[in-house]
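Chemist: Starting from these lines, generate the structure:
(one chain, ligands or ions: 5)
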Amino acid sequence: MDEFSFIRSIRPKDYKQQSLIKGIDDDAAVFRPIGEDVVTAVDTMVEGVHFSRQTMTPSDVGYRALAANISDLAAMGSTPAFYLVSLVVSESWSEAELHQLYEGMSELADEHGMDLIGGDTVSGSELSVSITVFGYVDKDKARYRSDAEEGDVVFVTGTLGDSRAGLACMQKSMNRTNEIDYLIGRHQRPSPRVAFAQALKNCKRVALNDVSDGIANETNEIAESSQVDLVIQANFVPTSEAIQAVFPQVVQEWSLSGGEDFELLGTVSKAEWSLVEEAASATGVAVTVIGEVKKMNDETPRVYIETEEGRTILRKSGYTHLKKEGE
Ligand SMILES: Nc1ncnc2c1ncn2[C@@H]1O[C@H](COP(=O)(O)OP(=O)(O)O)[C@@H](O)[C@H]1O
Ligand SMILES: Cc1ncc(C[n+]2csc(CCOP(=O)(O)OP(=O)(O)O)c2C)c(N)n1
Ligand SMILES: [Mg+2]
Ligand SMILES: [Mg+2]
Ligand SMILES: [Mg+2]
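Modeler: Ligands and ions are numbered 1, 2, ... in the order given. Okay, here's the model as predicted:
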């Protein structure tokens, strides 16, 4: 294998998106949006940080790297269209494994009608997969974190903490049961909530953020960005039967700060809450109210969590990169 034969081997034979003018073949790709806004994001997965060879097959690595990016497109209310893949390849990865990585990506890409339109391939010391995605959204219809307003309900899709639990099951080499298989599946192959976010199109205003680091982080991001306070009810936070059965002691911690569930956290006015419920049932996604947006008199936007013991501040406690001891 060399760089050039590898690129030839992963080059798509045909493209699905009509707005594409030039795919993999030239110095860069070209596409022409037709009156829509273009949404773009990049996320990186690094061996040893986001995955290990013990916890993910090469195909899972590809699938989840693209899922994390599609999740950001979903959180903007956009329709996925294109992706570019930047690979740093270490010596321990064979050509066959790299092909499996691309198969994992194209499995999910096909589900969303996305085209691979470019990338970059270099050698390095750890495998790193960086994916850039593009999506389309109707003009001025992107969903922002800054759109939460006082009086909104706070909701979340699916269940939280399962990905963290699935990782723990593999790290502890726990004997497989149906529950453990479910949790591992949620870690290896998360489902970005694209259809649900699109089904919210009838809502005039929704604030959305996807759950990559844990809602202890993402609720704070909405609060800061919208300059409001959020009050979350701890016992409303949805968790699966599987996590409750396998990890009863840490359910609450992992549902707040486990991360990588790639569910959507949102806020919407009470008047439009029924539209969110309709979107959820139309797309087969569970949606749960977990709290309310308030505006306290304090200048600093905060997130509060209410448990049986009373109300405390919910600080960012999810996954944070570049953080040094004691910070
Ligand atoms: N190294 C970087 N250079 C420029 N922009 C960045 C960098 N890292 C993150 N960002 C931007 O900061 C914002 C928040 O990033 P991040 O927390 O990674 O979002 P998410 O959790 O949705 O992936 C995004 O607008 C992202 O594009
Ligand atoms: C081997 C391994 N260790 C730890 C984790 C947990 N983990 C790694 S990154 C991360 C947070 C999400 O990644 P990030 O790069 O912050 O994504 P973004 O917020 O940019 O979408 C978590 C919970 C993991 N998935 N695999
Ligand atoms: Mg990111
Ligand atoms: Mg995000
Ligand atoms: Mg993050």
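Chemist: Get me the contact residues on the chain for ligand 1.
Modeler: Within the chain, the positions lying close to ligand 1 (CB under 6 Å from any ligand atom) are 43, 72, 212. Where you see a C-beta, it was placed from the backbone N, CA and C, and this is true even at glycine.
Chemist: which residue does the stretch 201-327 of the chain bring closest to ligand 4?
Modeler: Proximity of the stretch 201-327 of the chain to ligand 4 (CB to the ion) peaks at Asp210, 4.3 Å away.
Chemist: Any stretches of this protein with poor pLDDT?
Modeler: Within the chain, the segments meeting pLDDT under 70 span 325-326.
Chemist: can you give me the helices for the stretch 151-300 of the chain?
Modeler: Secondary structure of the stretch 151-300 of the chain (DSSP state H, counting those that start in this stretch): helices located at 162-171, 178-188, 194-199, 215-226, 241-246, 251-257, 273-283.
Chemist: I should have written the stretch 1-150 of the chain there, sorry.
Modeler: For the stretch 1-150 of the chain, helices defined by DSSP H, counting those that start in this stretch occupy the ranges 3-10, 58-75, 95-111.
Chemist: re the thing from before, make JSON lines out of the helices of the stretch 151-300 of the chain and add distance to Phe82.
Modeler: Formatted as JSON lines, the helices of the stretch 151-300 of the chain follow (distance: least, CB to CB, whole Å):
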{"stretch": "helix 162-171", "distance to Phe82": "26"}
{"stretch": "helix 178-188", "distance to Phe82": "24"}
{"stretch": "helix 194-199", "distance to Phe82": "14"}
{"stretch": "helix 215-226", "distance to Phe82": "26"}
{"stretch": "helix 241-246", "distance to Phe82": "35"}
{"stretch": "helix 251-257", "distance to Phe82": "32"}
{"stretch": "helix 273-283", "distance to Phe82": "23"}
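Chemist: For ligand 2, which of those helices is the nearest?
Modeler: The stretch from the helices of the stretch 151-300 of the chain with the least distance to ligand 2 (CB to the nearest ligand atom) is helix 162-171; that distance is 5.5 Å.
Chemist: and the angle from that closest one to helix 178-188?
Modeler: 110 degrees (axes from the mean of the first three to the mean of the last three CA atoms, to 10 degrees).
Chemist: The residues of the chain next to ligand 1 also near ligand 2: which ones?
Modeler: Cross-checking the residues of the chain next to ligand 1 against ligand 2 (CB under 6 Å from any ligand atom) gives 43, 212 as the overlapping residues.
Chemist: circling back to that earlier point, could you export the helices of the stretch 1-150 of the chain to TSV, including columns for distance to Asp140?
Modeler: Rendered in TSV, the data for the helices of the stretch 1-150 of the chain read as follows (distance: least, CB to CB, whole Å):
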stretch	distance to Asp140
helix 3-10	36
helix 58-75	17
helix 95-111	27
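Chemist: Can you sort out which of the residues of the chain next to ligand 1 also neighbour ligand 4?
Modeler: Asp72 (CB under 5 Å from the ion).
Chemist: could you dump the residues of the chain next to ligand 1 to JSON lines with neighbour count and distance to Lys201?
Modeler: Formatted as JSON lines, the residues of the chain next to ligand 1 follow (neighbours: other CB atoms under 10 Å; distance: CB to CB, whole Å):
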{"residue": "Asp43", "neighbour count": "19", "distance to Lys201": "25"}
{"residue": "Asp72", "neighbour count": "22", "distance to Lys201": "18"}
{"residue": "Ser212", "neighbour count": "21", "distance to Lys201": "23"}
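Chemist: What is the nearest of the residues of the chain next to ligand 1 to Val289?
Modeler: The nearest member of the residues of the chain next to ligand 1 to Val289, counting by CB to CB, is Ser212 at 21.5 Å.
Chemist: Relative to Met45, how far out is that closest one?
Modeler: Applying CB to CB, to the nearest Å, one obtains 11 Å for the distance of Ser212 from Met45.
Chemist: returning to what we had before: hey, which of the helices of the stretch 1-150 of the chain is tucked in deepest?
Modeler: Here the criterion is mean neighbour count by mean count of other CB atoms under 10 Å, and of those the winner is helix 58-75, at a mean of 25.
Chemist: now that one: how far from the chain's centre is it?
Modeler: Distance of helix 58-75 from the chain centroid (CA atoms, centre = their mean, to the nearest Å) equals 7 Å.
Chemist: repeat for stretch 293-305
Modeler: Taking the mean of its C-alpha atoms, stretch 293-305 sits 26 Å from the chain's own mean (CA atoms, centre = their mean).
Chemist: what's in contact with it?
Modeler: Contacts of stretch 293-305 with the rest of the structure, by CB atoms under 8 Å, 6 or more residues apart in numbering, involve 148-154, 216, 219-220, 223-224, 226-234, 256, 267, 311-315.
Chemist: State the distance spanning the first to the last residue of that stretch.
Modeler: Stretch 293-305 has its terminal residues 12 Å apart, counting by CA to CA, to the nearest Å.
Chemist: buried residues in it?
Modeler: 293, 301-305 (16 or more other CB atoms under 10 Å).
Chemist: and the stretch 151-300 of the chain, which of its residues are near ligand 4?
Modeler: Counting by CB under 5 Å from the ion, the residues of the stretch 151-300 of the chain close to ligand 4 are Asp210.
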